[in-house]
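In: my questions concern the predicted model and sequence given below.
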Amino acid sequence: MTALSMYQVLMGASFPRLSPSVRAFHRLSGSHVLHGWVQTEAPSTFLGKLVARCLGTPLSPSNGAIRFELDAHPDREVWVRHFPTNTMMSRMRLVHGELTESLGPTRLHFCLDEVEGRLVMRLTRLRFLGLPCPRWAMPIVIAEEDGSGDRLEFNVKALLPLVGQVAGYSGYLVIDVGETE
């Protein structure tokens with residue numbers, strides 16, 4: 001029997017309510033290369049660009065093909081997103097009942113929810129260079145996945161108080177839904 005993915009463990013009984021393409025993606029194990037399409041947005045301010053550079057998120061708007069490399073294990077995943085203008089890598093881990101994403105010197109802690117078949121990631125805490133982010137400075141993060149047919153659709157935005165948008169990208173990856181059902 002295959003071990004449960006981090007997402008299956010964290011979401012428990014709500015995981016089966018996700019759309020088929022979202023479930024298929026989050027059941028993948030081992031190394032995979034996925035392809036799709038993405039539209040990126042530029043950070044809205046000079047400070048936003050500095051933060052984006054630290055995180056590795058896109059610095060300029062683009063529209064084009066995306067190559068996504070996934071290395072998935074039951075307790076950790078590495079995501080490498082090859083955008084049209086840059087490459088961004090993050091590491092996901094299961095830590096104390098939360099999904100923790102490491103982007104450069106930043107650690108984001110998320111709770112995962114299912115809302116009408118979508119995966120909605122809610123930011124609960126953030127650490128930068130090991131220091132906790134105060135509540136008043138917490139970014140507003142939109143991180144959602146949905147899908148229909150063989151497409152995993154994603155929408156990600158991050159806005160910092162007093163700084164503005166630091167990241168924004170949306171698009172889809174093609175998923176073999178039958179591969180993991």
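Out: Arrived safely. Numbers count the residues shown, from 1 in each chain.
In: CA only for contacts and neighbour counts going forward, please
Out: Noted.
In: need the contact list for the residue lying closest to residue 42 once chain neighbours are set aside.
Out: Nearest residue to residue 42, sequence neighbours excluded (CA to CA, 6 or more residues apart in numbering): residue 60, at 4.3 Å. Going by CA atoms under 8 Å, 6 or more residues apart in numbering, residue 60 touches 40-43, 85.
In: could you rerun that using 10 Å?
Out: 40-44, 49, 84-86, 167-168 (CA atoms under 10 Å, 6 or more residues apart in numbering).
In: quick one: it is in a helix?
Out: No - counting by DSSP: H, G, I helix; E, B strand; the rest coil, residue 60 is located in no helix; its state is coil.
In: so what's the backbone phi/psi at it?
Out: Phi and psi for residue 60, reported as degrees, to the nearest 10, are phi -140, psi 160.
In: okay, how far is it across stretch 37-50, tip to tip?
Out: 26 Å (CA to CA, to the nearest Å).
In: let me redo that: stretch 20-32
Out: First-to-last residue span, stretch 20-32, CA to CA: 18 Å.
In: please identify the buried residues of that stretch?
Out: Of the residues in stretch 20-32, those buried by neighbour count under the rule 16 or more other CA atoms under 10 Å are 20-29.
In: circling back to that earlier point, what pLDDT does the residue nearest to residue 42 get?
Out: On pLDDT, residue 60 comes in at 92.
In: could you do residue 4 as well?
Out: On the pLDDT scale, residue 4 gets 89.
In: neighbours of it, how many?
Out: The number of residues packed near residue 4 is 16, by other CA atoms under 10 Å.
In: just give the nearest non-adjacent residue to it, would you?
Out: Nearest to residue 4 is residue 74, by CA to CA, 6+ apart, at 6.1 Å.
In: show me what contacts residue 67?
Out: 33-38, 80-84, 87, 173.
In: which element, helix or strand, includes it?
Out: For residue 67, the element it lies in under DSSP states H and E is strand 62-73.
In: how much space between the most centrally placed residue in the chain and residue 4?
Out: Geometric centre of the chain, nearest residue: residue 143, 6.4 Å, by CA atoms, centre = their mean. Using CA to CA, we find residue 143 at a distance of 22 Å from residue 4.
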